[in-house]
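[1] Let me see the structure of the following:
(one chain, ligands or ions: 1)
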Amino acid sequence: MTTSLQDIAQAMVAQGKGLLAADESTGTIKKRFDTIDVDSTEENRRDYREMLFRTTPAMKEAISGVILFDETIRQKAADGTPLTQIIQDAGSIPGIKVDMGAKDLPRSHGEKVTEGLDGLRARLREYYELGARFAKWRAVIDIGRGGNRSVPSAYCIHANAHALARYAALCQEAGIVPIVEPEVLMDGDHDAERCYQVTQATLKALYTELYEQRVSLEGTILKPNMIVSGKSCPTQASPEEVAERTLKCFAHTVPAAVPGIVFLSGGQSDIDATANLNAINQLKSASSSPYPWALSFSYGRALQTAPLDAWRGNAANVTAGQRAFAHRARMNGLAATGAWSPEMET
Ligand code: 13P
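    Residues are numbered from 1 along each chain as shown. Model (predicted):
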């Protein structure tokens with residue numbers, strides 16, 4: 001029996017659950033392993049991810065799906081079980097990162113466009129056979145430093161929105177739910193209001209392209225940034241301010257047909273990412289305005305920093321690593337319904 005795109009999308013944002021983004025490219029996972037002095041060998045990458053996926057029962061309780069990298073979707077655990085099987089046994093859905101990374105956008109001032117459309121139809125067919133039921137494509141939108149308003153350019157926003165929609169249509173043809181991820185970066189000294197404006201323009205362009213390219217919104221998931229202050233902005237928005245701006249921005253841009261929105265953590269600390277998600281869901285519940293989408297998480301760093309640090313490449317630390325991952329998964333599961341509080345962290 002094949003499951004409809006809408007059913008898969010709904011399952012990805014089931015109440016109190018979110019996604020684990022474990023799709024670091026070989027280059028990115030090396031950077032993460034460098035921070036704990038572990039060599040990025042294929043076996044170490046496998047052992048680390050196997051540790052996360054075997055974290056029961058927290059995976060079952062709080063993780064609806066796992067985004068994998070090409071290497072991982074083909075890997076087997078130490079005992080020969082495919083990693084995708086371990087994910088499925090935990091009641092979670094395997095997904096796959098299919099973009100080929102953000103590359104220089106020609107004739108721009110250092111902006112990026114995400115590549116990976118060539119041959120994508122055939123790759124999606126193979127990933128479906130390997131068990132993937134959703135995919136991810138990340139576009140990167142930078143914000144100019146020192147008040148430079150020419151970045152992002154309309155050119156960059158539209159080139160990325162166009163590619164996201166091309167990808168999304170191909171996914172749906174293959175029976176795979178596209179996660180559309182237009183990430184407005186936190187890097188820089190801009191304030192939260194500027195993040196609001198850029199995110200609003202980006203989402204407007206994205207939903208226009210998705211419409212023009214005949215993508216069925218019911219079978220998509222949006223993975224955006226929250227509306228936060230730039231990392232080096234002297235004033236940092238509080239969780240309540242983040243919640244207010246984020247919901248307002250989506251109310252103006254994200255159609256009600258979209259089943260769910262899962263945030264990236266984007267360099268926020270793990271506690272900030274949880275506190276902000278919680279504030280967003282509390283405001284959603286308290287508000288008289290209708291916010292029709294589930295609002296959950298698809299965190300990479302905010303779910304993995306603690307377990308990575310507890311594990312440190314040592315098999316003797318697997319239980320400690322799993323305990324750290326289970327804690328963050330549960331905290332974010334609670335934040336996805338607005339039921340988290342800071343005391344739960346101690
Ligand atoms: P972070 O949560 O670390 O930003 O990663 C999420 C992700 O998948 C970015 O594409």
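[2] contacts and neighbour counts: CA atoms only from here.
    Fine.
[3] Can you get me a residue count around Ala310?
    20 (other CA atoms under 10 Å).
[4] Check which helix or strand it maps to.
    For Ala310, the host element (DSSP states H and E) is helix 301-311.
[5] cool, Thr84 as well?
    Thr84 belongs to helix 83-89 when assigned by DSSP H and E.
[6] Determine the set of other helices and strands touching that helix.
    Contact here means 3 or more CA pairs under 8 Å, 6 or more residues apart in numbering; DSSP states H and E; on that basis helix 83-89 packs against helix 42-53, helix 70-73, strand 93-97.
[7] Near the ligand, which residues of this protein are found?
    21, 138, 264-267, 299-302 (CA under 6 Å from any ligand atom).
[8] okay, the angle between the next helix-or-strand element following the helix holding Ala310 and helix 42-53?
    Counting by DSSP H and E, the next helix or strand C-terminal to helix 301-311 is helix 318-335. Here the directions of helix 318-335 and helix 42-53 differ by 50 degrees (axes from the mean of the first three to the mean of the last three CA atoms, to 10 degrees).
[9] partners of the closest residue to the ligand within the stretch 1-150 of the chain in the sheet?
    Minimum separation of the stretch 1-150 of the chain from the ligand (CA to the nearest ligand atom) falls at Ala21, amounting to 4.8 Å. Counting by DSSP bridges, Ala21 forms beta bridges with Ile67.
[10] any idea how far Thr3 is from it?
    Using CA to CA, to the nearest Å, one gets 22 Å for the distance from Ala21 to Thr3.
[11] What of Leu277?
    According to CA to CA, Leu277 stands 29 Å off from Thr3.
[12] So which of those two has more stuff around it?
    Neighbour count, other CA under 10 Å: between Leu277 and Thr3, Leu277 has more, with 29 against 10.
[13] Now Ala339, what are its backbone angles?
    phi -100, psi 10 (degrees, to the nearest 10).
[14] For it, which non-adjacent residue is spatially closest?
    Spatial nearest neighbour of Ala339, excluding adjacent residues (CA to CA, 6 or more residues apart in numbering): Asn278 at 7.0 Å.
[15] Who are the packing partners of the helix or strand containing the one you found?
    Per DSSP H and E, Asn278 falls inside helix 270-286. Here helix 270-286 touches helix 239-253, strand 294-299, helix 301-311, helix 318-335, going by 3+ CA pairs under 8 Å, 6+ apart.
[16] hang on, the earlier thing: in the helix holding Thr84, what's buried?
    Under the neighbour-count criterion of 16 or more other CA atoms under 10 Å, helix 83-89 has 83-88 buried.
[17] got the residues you listed as TSV, with pLDDT columns?
    Shown next, in TSV, are those (pLDDT from 0 to 100):
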residue	pLDDT
Leu83	98
Thr84	98
Gln85	98
Ile86	98
Ile87	98
Gln88	98
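[18] What does the pLDDT read for Thr3?
    Predicted confidence (pLDDT) for Thr3: 89.
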